[in-house]
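**Student:** Model the structure of this input:
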Amino acid sequence: MDAEKTIFKKIIDKELPADIVYEDELCLAFRDISPQAPTHVLVIPKREIPSVADLEDSDAELAGHLLLVARDLARQLELDGGFRLVVNNGPEAGQTVDHLHVHLLGGRNLTWPPG
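**Tutor:** Sure thing, here's the model as predicted:
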């Protein structure tokens, strides 16, 4: 069973270390181990949801909570000049972990298009 856990589930279960910057009953936020900006935090639901495409209508409150946590973290991390939220969905979009996560990126000028 343990082999089936994603790396994010192992972090939620405290089986793997992470630089956790926020935690509540619904979600966990931690610094990305391969940051793409000076500030790169992942906000993940504690409940295992593989992707945005797997969200159900009943998940509206949880999805909104993830965005509000990201907003609050951006304030706390003093990303006053701006920040970007990214949610990849599926391998063609660059999703590498099958657990919904919101990237909070900031601390540098972020160009567009992103890639």
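**Student:** neighbours around the residue nearest to Leu100 when sequence neighbours are not counted, how many?
**Tutor:** Excluding the flanking residues, the one nearest Leu100 by CB to CB, 6 or more residues apart in numbering is Ile49, at 4.4 Å. Glycine gets a C-beta too; all of them are placed from N, C-alpha and C. Using other CB atoms under 10 Å, Ile49 has 19 neighbouring residues.
**Student:** Regarding Ile49, what is its secondary structure?
**Tutor:** coil (DSSP: H, G, I helix; E, B strand; the rest coil).
**Student:** so who does it touch?
**Tutor:** Going by CB atoms under 8 Å, 6 or more residues apart in numbering, Ile49 touches 55, 59, 99-100.
**Student:** Could you do Val86 as well?
**Tutor:** 102-103, 105, 114.
**Student:** From those residues, pick the one nearest Pro17.
**Tutor:** The closest of the contacts of Val86 to Pro17 turns out to be His103 (CB to CB; 19.8 Å).
**Student:** Can you say which helix or strand has that closest one in it?
**Tutor:** strand 102-106 (DSSP states H and E).
**Student:** need the helices for this structure, in chain order.
**Tutor:** 7-12, 60-76 (DSSP state H).
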